[in-house]
Each structure stands twice: as C-alpha cells, then as structure tokens.
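**Student:** what's the 3D shape of this:
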Amino acid sequence: MRTHLLSSFAAVAIAFAATSCGSDNTSPSESLYAVSASVESLSFDASGDSKSFTVTASSEWDAVTSDDWIKLTKSGTTSQNGTVEVTVGANSSKNERTGTVTLKSGTARTNISIQQDGREPEPFDPTIKVPEGYELVWHDEFDGASLNTADWTYEIQGPGWVNNELQTYTRNSRVVELSDGILSINCYKESGKVYSARIYAHVGSGWKYGIFEARIRLPKGRGTWPAYWMMPVTVDWVNEGWPLCGEIDIMEEVGYNANYTSSSIHCKDYNHVMGTQKTAERYTAGAQDDFHIYRLEWTKDYIRTYLDDKLLLSFANDGKGKVSSWPFDKPFYPILNLAWGGDWGGAQGVDESCLPATMQVDYLRVFQQTQN
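**Tutor:** Predicted coordinates for the structure are as follows:
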C-alpha cells in the first residue's frame, strides 16, 4: 500500500509539472475556466444611459457589481455566450463617479470599469442668492406651462394610505397647476371624493447634505395639512422601514392651528410614535396670506431649519455612529404635498366649506458646498 501511494503521488506531481511548465503558475482547476467581455470599460455622461456588451465564457457565468448606482440586466448566463446591459441614472453630483462590473465563471474573473461624468454646473442666475461657500446644484422656478416630470414624480394613492388621511393622491391638470412662475397644489372635492397631490423631486441620485430652500404660501382651512419634507432615495422597507430610515420635515402646518409652522426630524430613537421626535414650532403672522422662505441646512454634523432666515430647529449628530439616532448620512429627496384630514390635520375635524384649498410654491432650490 505504501509503494502504491508513493507511485500515485509521483504521477500527480509529474502531471502537475507538465501542465504548469512555462505557464504563469495557474493551477489545473483554474485553467478550466475563462470569461471575457467585448469591452474593457464603459463611459456615460451625467444624464445617464444604458449600454450593452457581450460575454464569452467557458461555462455558466454571472455579472455582479457592488455599486448601487449601476444596474445590470443579464441574458445567456447559462450558456457560453451572452450579454450584459449596464444602466446608470443621472449623476446629480458634480463629481465623476467610477465603479466596476465583475464577470465570474468558475474561478475566472474579469473586471469592466464603469465611469460617469459629473453634472454640468447650473447656469449662473444673478437673481438667485447663493449662500456663501455653496453653489446652486438644482432648482425649479416653476416657469413652465406644466410640471417637469423628468424631475418630479407624482404619488398615486387612495385615502387612508398614510396617517389616516382622507384625500386621494392623483395626477391631473387640476391638482397641480403652473402659472406665472408659481406651482399650485390644489385640494378639492369632486363626486364625493377629495383629491390632492404629493410630488417628489426625484433628480438623479438625490442629494446628501446641502441647503434646501423653498418659498411657500400655505393654504387656509380646518383640515388642511401642507408639508415640505424629505425622505431617503433608497429605503429597504422590509429590513429597515420607517422610522429607522429617517425623515426630515422642513415645514408642516395644520389648518386648525393657522400660521404655526413646525420642523421635525424622525428616526428610530426620536419619532412622534414614541413622542420623542425633535420638533420646533413658531407662529408667523400671515403664513397663509403671504410667501415665506423655509430652509433646511444639512451637514454631516447637524440638521438646522430656518423660517425667513431665523433659526427654528437645530439637531446635532451625536457622533455615536448609530443609525437609530443619525440615519442622515445618505441621499434624500424633497417632497411637496397637501394632505386633507388625517391623524394631525383632522385632529379637530375638517371643514369642507374650505375646499378647494391651495398650497403655492414660488421655487425650490438645492445648494451644496463647493468642495463636495
């Protein structure tokens, strides 16, 4: 038996030497696999696009990426030839971003580099006051004839969807109107149902940190609940959900408490369900009659809101690195909506004689620090 084992080991050694002679020390098992692509890299402009390449492999293969801004569509993965479509969305940052798509077949690996240009600077507009140390990265002055749906997304939901609100969120030319540079979100009753709008500024990959400023005139009437707020671009609703994901309320008001506007933040440790939310409220005479400026200043260290340049809410990052107390380190997007009734808006009932009611927005602007 000992002689037989020695002979077997010798045979293996001779076979290994024969396969590795003159090679780059690739093992026999590794030499069985190969995978290649028709390109070494793909480049995209800031607006985003989809591009494809072909794959050739010695056996079944796969394509993966760890960059969440890169989306892959694969075909032919169980054969030796296939394709990968790479899709990237708009890049809202001025910085170029790079990533990698990795092809795998057995132990073989091939990387394709993905590059996307940063956005072009916003055109200079002398009428827009830019905070010192910041630059304008996106804005909507609502000067068109209709809402720019390349930048804005409508929520479509029935009554009771959130907060026991009574309105149906829909999309039509009546719930959202643009005229003379003003966006109007209208809440009205028709055929026994109340309709309104909730719209999201879904621009590129959203924004992480910055100054978010809107000039708004609030609606009148018991039952109205206007809001200007922010949510994360990406939420894992199964494993994360609200309030762990975080929420920033820049401005809220309820009609029965006219002209009192508030700012709040919500996270797992601080939220209204537990009564621990961080909130500040202020009375502003004429908030329902005139336009006022509501602003969020958000950095890695703090969240602050302002009403007409006066500080309202200040919430500091506790520096503990806990998502439960500071989930505000990822991209968010702004939201504008006018709700009717609900847990807060309808806490003292609703007065349907106040319908239709209108929330008006003069502009929404986003600034980010110039070094970002």
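**Student:** just checking, residue 169 touches residue 199?
**Tutor:** No. Between residue 169 and residue 199 no contact is recorded; they are 9.2 Å apart, counting by C-beta atoms under 8 Å. C-beta here means a position set from N, CA and C on the backbone, and glycine is covered the same way.
**Student:** Need the residues touching each of the two.
**Tutor:** Shared contacts of residue 169 and residue 199 (C-beta atoms under 8 Å, 6 or more residues apart in numbering): 154, 155, 337.
**Student:** Please dump those into CSV; it should also carry neighbour count and distance to residue 107 for every row.
**Tutor:** Output for the shared contacts of residue 169 and residue 199, formatted as CSV (neighbours: other C-beta atoms under 10 Å; distance: C-beta to C-beta, whole Å):
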residue, neighbour count, distance to residue 107
154, 17, 48
155, 16, 47
337, 21, 52
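**Student:** Just these: which are in strands?
**Tutor:** The strands, defined by DSSP state E, take in 154, 337 from the shared contacts of residue 169 and residue 199.
**Student:** List the contacts of residue 151.
**Tutor:** By C-beta under 8 Å, 6+ apart, residue 151 lies in contact with 138, 140, 201, 202, 203.
**Student:** pLDDT weak spots in this protein?
**Tutor:** Counting by pLDDT under 70, the ranges of the chain that qualify are 1-31, 371-372.
**Student:** Go ahead and flag the most central residue of it.
**Tutor:** Per C-alpha atoms, centre = their mean, the C-alpha nearest to the average position across the chain is that of residue 233, at 1.9 Å.
**Student:** Can you report how many residues lie near the residue nearest to it when sequence neighbours are not counted?
**Tutor:** Excluding its sequence neighbours, the residue lying closest to residue 233 (C-beta to C-beta, 6 or more residues apart in numbering) is residue 206, at 3.8 Å. For residue 206, the count of nearby residues is 21 (other C-beta atoms under 10 Å).
**Student:** residues touching residue 206, list them.
**Tutor:** For residue 206, the contacting residues are 92, 232, 233, 331, 332, 333, by C-beta under 8 Å, 6+ apart.
**Student:** how about residue 228, phi and psi?
**Tutor:** Here is the backbone geometry of residue 228 (degrees, to the nearest 10): phi -130, psi 110.
**Student:** circling back: how about a markdown table for the shared contacts of residue 169 and residue 199, with distance to residue 81 added?
**Tutor:** Below are these laid out as a markdown table (distance: C-beta to C-beta, whole Å):
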| residue | distance to residue 81 |
| --- | --- |
| 154 | 42 |
| 155 | 43 |
| 337 | 49 |
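**Student:** ok, now which ones touch the closest residue to residue 341 other than its chain neighbours?
**Tutor:** Leaving aside its sequence neighbours, residue 341 sits nearest to residue 166 (C-beta to C-beta, 6+ apart; 3.8 Å). Going by C-beta under 8 Å, 6+ apart, residue 166 touches 159, 160, 194, 223, 340, 341, 342, 346, 350.
**Student:** Do I have it right that the last one meets residue 254?
**Tutor:** No. Between residue 350 and residue 254 there is no contact under C-beta under 8 Å: 10.6 Å.
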